[in-house]
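Asks: Attaching a predicted model along with its sequence, questions to come.
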Protein chains: 2
Amino acid sequence: MSILVVGSVAFDSVETPFGKAEEVLGGSASYFSLAASFFAPVRLVAVVGEDFPEEHLQLFRDFSIDIRGLQQSPGKTFRWKGEYGYALNEARTLDTRLNVFETFSPRIPDPYRKSDCVFLGNIDPVLQAGVLSQVEKPRFVACDTMNYWIESKPDELRETLGRVDILIINDAEVRMLTGEHNLTRAARRIAEWGPQTLVVKKGEYGVAMYHGGSIFGAPAFPLEEVFDPTGAGDSFAGGLVGYLARSRALNDESLRQAVIYGSVMASFNVEAFSLNRLRTLKASDIRRRFLQFKELTHFEAGNSL
Amino acid sequence: MSILVVGSVAFDSVETPFGKAEEVLGGSASYFSLAASFFAPVRLVAVVGEDFPEEHLQLFRDFSIDIRGLQQSPGKTFRWKGEYGYALNEARTLDTRLNVFETFSPRIPDPYRKSDCVFLGNIDPVLQAGVLSQVEKPRFVACDTMNYWIESKPDELRETLGRVDILIINDAEVRMLTGEHNLTRAARRIAEWGPQTLVVKKGEYGVAMYHGGSIFGAPAFPLEEVFDPTGAGDSFAGGLVGYLARSRALNDESLRQAVIYGSVMASFNVEAFSLNRLRTLKASDIRRRFLQFKELTHFEAGNSL
């Protein structure tokens, strides 16, 4: 099944305790697309400026990502500059230049209108709704958002969520969105608004998924070296949505596997700056780490008390 | 196999957003003993004052806990007063009165000297070592500690750890103890000092266990109502050590199951103040929640990428 993704493509400048990278390829749609492309065909809708090099376009093409929806506009590409401390759990934003992204209004190319799955990256919920209005009803819609939209456009966000099947956000965002500290109760409230599946990202602490009455919990993959957390959440979403598109099923079993494939993609992504790890990844690497996740979490239920 | 536990027995006064309790039975050894008693015979070494009521002694007896090692000394029982905010992840200590606990020097009764397993609750590492000197070599020793001892008696603690098999502490303590942010590397350092198994408690985020080259990760049990987190870590240790004593094995399989049984006991304990939930618990409740943990964490490895 095909995946339509709408989000940002950016130049990131990142400094971590382990090194730095200047003006490297980033943005939610870039991370998502590369991660998802291992599982299913991806169609990218985003905007870049005149300064966006052919080399990056070629990278997307190399991963069979359809970039007919990648608009090139007069001006400069979105730039983000940030740094991380040793804890690596939260980026400190040093500079944001929206540039051409400031007036981004996603136009869905005709050949994209019939897409099986849609991923709405973290953009204005009004634009997210606009994307959904331009496509035929997809099999499922997954969505990201952030504190900025939760605070500044709560009603518009709620409107968009009414058309979303899978909401993928972090635990602080869940609590802010619902005003509810307990995640199980928060998931029930969110389900009343629309999304029947809530995937809660907890960074180094893993993921929890709420789906109907079922809860799935998984730890993060224990890495010894994390170089750059940028794009972890988007790679996670790419692996998750990608696997669901590939498995052609949206049930408890496939959703749980999708969470693990998402975690696998996020764990690879943080091993290097920018998309450097994803671009050299092989399907066999992904499968191997998926099985390592099985080892990580397995215990025998056999013995009785 | 029998379990010898050394730790505190106290009166706790606790306030959480959901209620308060005044001068209720608490202390690390109380929580540990009740939790472990569901799995194996427990021998308790601790000190209380003249104000300790028969009713609490009877509770221990009701759970077949051997209290010949519970010294009653002139003076008052250890008292702790604390409160929790909505996040429930960290207690704010309002008052500590060590009372008879201040001069506590564990004396191991003769019939306890041959114990199969020893749990060293969170007390001065010098006293912990003193306990080990009074017993015949047990099958295994598990140990807790805290930031206070890590900072004030690092050499003595290191000495004690040389005689410990399983160290059970939280993630902040692991980082403070080793000066290493990455838990996998920290576990390797700790193994060089002695404990071949490191169990890292992460509160609402679950547990990670490092044992040889193997890593096990488990989420916390998702509860909708947490009334009082006091004693969660000690109930966890009680379930873990208790299950290991019962299974008579110390291998990767039994350790993983023990972590889950520990998580089960902790999850019950936080459902009510003091020992109120543990005292009404049945073995069938424990088994049921263990199987719910299996459902919580299970995913199929079948499908190929």
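Replies: Looks like it arrived, so ask away.
Asks: Which residues are in contact with residue A:253?
Replies: Applying Cβ atoms under 8 Å, 6 or more residues apart in numbering or on different chains, one finds that residue A:253 lies in contact with B:299-300. (Glycine included, C-beta is placed from N, CA and C.)
Asks: Is it located within a helix, as I assumed?
Replies: Yes - the assignment for residue A:253 (DSSP: H, G, I helix; E, B strand; the rest coil) places it in a helix.
Asks: quick one: it from residue A:184, how far?
Replies: Taking Cβ to Cβ, to the nearest Å as the measure, residue A:253 falls 21 Å from residue A:184.
Asks: and what of residue A:294?
Replies: Taking Cβ to Cβ as the measure, residue A:294 falls 25 Å from residue A:184.
Asks: what does the stretch 51-200 of chain A put close to chain B?
Replies: Applying Cβ under 8 Å from any Cβ of the partner chain, one finds that the stretch 51-200 of chain A approaches chain B through A:86-87, A:181-185.
Asks: make it 7 Å
Replies: Applying Cβ under 7 Å from any Cβ of the partner chain, we find that the stretch 51-200 of chain A lies next to chain B at A:86, A:181-185.
Asks: doesn't residue A:101 make contact with residue A:49?
Replies: No - counting by Cβ atoms under 7 Å, residue A:49 stays clear of residue A:101, with 8.9 Å between them.
Asks: So between the two, which is more surrounded?
Replies: Per other Cβ atoms under 10 Å in any protein chain shown, whichever of residue A:49 and residue A:101 has more neighbours is residue A:101, with 25 against 18.
Asks: Am I right that the more buried one falls within a strand?
Replies: No - read with three-state DSSP, residue A:101 is helix and lies in no strand.
Asks: Give the full set of residues in contact with it.
Replies: With contact set as Cβ atoms under 7 Å, 6 or more residues apart in numbering or on different chains, residue A:101 has these partners: A:8, A:47, A:78.
Asks: Let's see the ChimeraX selection covering just the buried ones among the residues you listed.
Replies: Remark: buried members of the contacts of residue A:101, expressed as a ChimeraX selection using 16 or more other Cβ atoms under 10 Å in any protein chain shown:
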select /A:8,47,78
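Asks: Turn the contacts of residue A:101 into TSV, columns for pLDDT and secondary structure.
Replies: Listed next are the contacts of residue A:101 as TSV, based on pLDDT from 0 to 100; DSSP: H, G, I helix; E, B strand; the rest coil:
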residue	pLDDT	secondary structure
A:8	97	coil
A:47	98	strand
A:78	97	strand
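Asks: Could you point out which of the contacts of residue A:101 is nearest to residue B:268?
Replies: residue A:8 (45.4 Å; Cβ to Cβ).
Asks: Quick check: the closest one touching residue A:31?
Replies: No - with contact defined as Cβ under 7 Å, residue A:8 does not reach residue A:31; the gap is 9.7 Å.
Asks: Break down the stretch 101-250 of chain A into its strands, ranges please.
Replies: Secondary structure of the stretch 101-250 of chain A (DSSP state E, counting those that start in this stretch): strands located at A:117-120, A:140-143, A:166-170, A:197-201, A:207-211, A:214-218.
Asks: and the fifth one, which strands flank it?
Replies: The one in question is strand A:207-211. strand A:197-201 (antiparallel), strand A:214-218 (antiparallel) (DSSP bridges).
Asks: Also the second one?
Replies: For strand A:140-143, the paired strands and their directions (DSSP bridges) are strand A:117-120 (parallel), strand A:166-170 (parallel).
Asks: Point out the most buried one among those strands.
Replies: Highest mean neighbour count of the strands paired with strand A:140-143: strand A:117-120, a mean of 28 (counted as mean count of other Cβ atoms under 10 Å in any protein chain shown).
Asks: what number of residues lie near the residue lying closest to residue A:223 once chain neighbours are set aside?
Replies: Excluding the flanking residues, the one nearest residue A:223 by Cβ to Cβ, 6 or more residues apart in numbering or on different chains is residue A:267, at 6.1 Å. Neighbour count of residue A:267, defined by other Cβ under 10 Å: 22.
Asks: residues touching the closest residue in space to residue A:18 that isn't next to it in sequence, list them.
Replies: Of all residues beyond its chain neighbours, the one nearest residue A:18 is residue A:227 (5.0 Å), with distances taken as Cβ to Cβ, 6+ apart. Residues in contact with residue A:227 (Cβ under 7 Å, 6+ apart) are A:16, A:18-19, A:270-273.
Asks: Out of those residues, which is nearest to residue A:289?
Replies: residue A:271 (10.8 Å).
Asks: show me the contacts for the residue positioned nearest the centre of chain A.
Replies: With distances taken as Cα atoms, centre = their mean, chain A has residue A:234 as the residue nearest its mean C-alpha position (2.6 Å). If you count contacts by Cβ under 7 Å, 6+ apart, residue A:234 has them with A:28, A:31-32.
Asks: now with 8 Å?
Replies: A:7, A:28-32, A:35, A:121, A:144.
Asks: CSV for those residues, including pLDDT?
Replies: Listed next are the contacts of residue A:234 as CSV, based on pLDDT from 0 to 100:
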residue, pLDDT
A:7, 98
A:28, 97
A:29, 98
A:30, 98
A:31, 98
A:32, 98
A:35, 98
A:121, 97
A:144, 98
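Asks: What about these, which are in helices?
Replies: In helices, defined here by DSSP state H, the members of the contacts of residue A:234 are A:28-32, A:35.
Asks: Dump those into TSV; add distance to chain B and neighbour count as well.
Replies: Formatted as TSV, the ones in helices among the contacts of residue A:234 follow (distance: Cβ to the nearest Cβ, whole Å; neighbours: other Cβ atoms under 10 Å in any protein chain shown):
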residue	distance to chain B	neighbour count
A:28	23	25
A:29	23	29
A:30	22	31
A:31	19	31
A:32	18	33
A:35	13	33
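Asks: what would those look like in TSV with distance to residue A:153?
Replies: As requested, these are exported to TSV (distance: Cβ to Cβ, whole Å):
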residue	distance to residue A:153
A:28	18
A:29	20
A:30	24
A:31	24
A:32	22
A:35	27
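Asks: gap between the residue nearest to residue A:18 and residue B:216?
Replies: From residue A:227 to residue B:216 the distance is 25 Å (Cβ to Cβ).
Asks: Now do residue A:239 against chain B, distance only.
Replies: Applying Cβ to the nearest Cβ, to the nearest Å, the value for residue A:239 to chain B is 10 Å.
Asks: Ok, residue A:242 next?
Replies: Distance, residue A:242 to chain B, by Cβ to the nearest Cβ: 10 Å.
Asks: Kindly report the same for residue A:279.
Replies: Counting by Cβ to the nearest Cβ, the gap from residue A:279 to chain B is 18 Å.
Asks: Check residue A:58 too.
Replies: 25 Å.
Asks: How about residue A:112?
Replies: Distance from residue A:112 to chain B, by Cβ to the nearest Cβ: 25 Å.
Asks: Provide a list of residues in contact with that residue.
Replies: Counting by Cβ under 8 Å, 6+ apart, residue A:112 makes contact with A:4, A:43, A:45, A:66, A:68-69, A:135.
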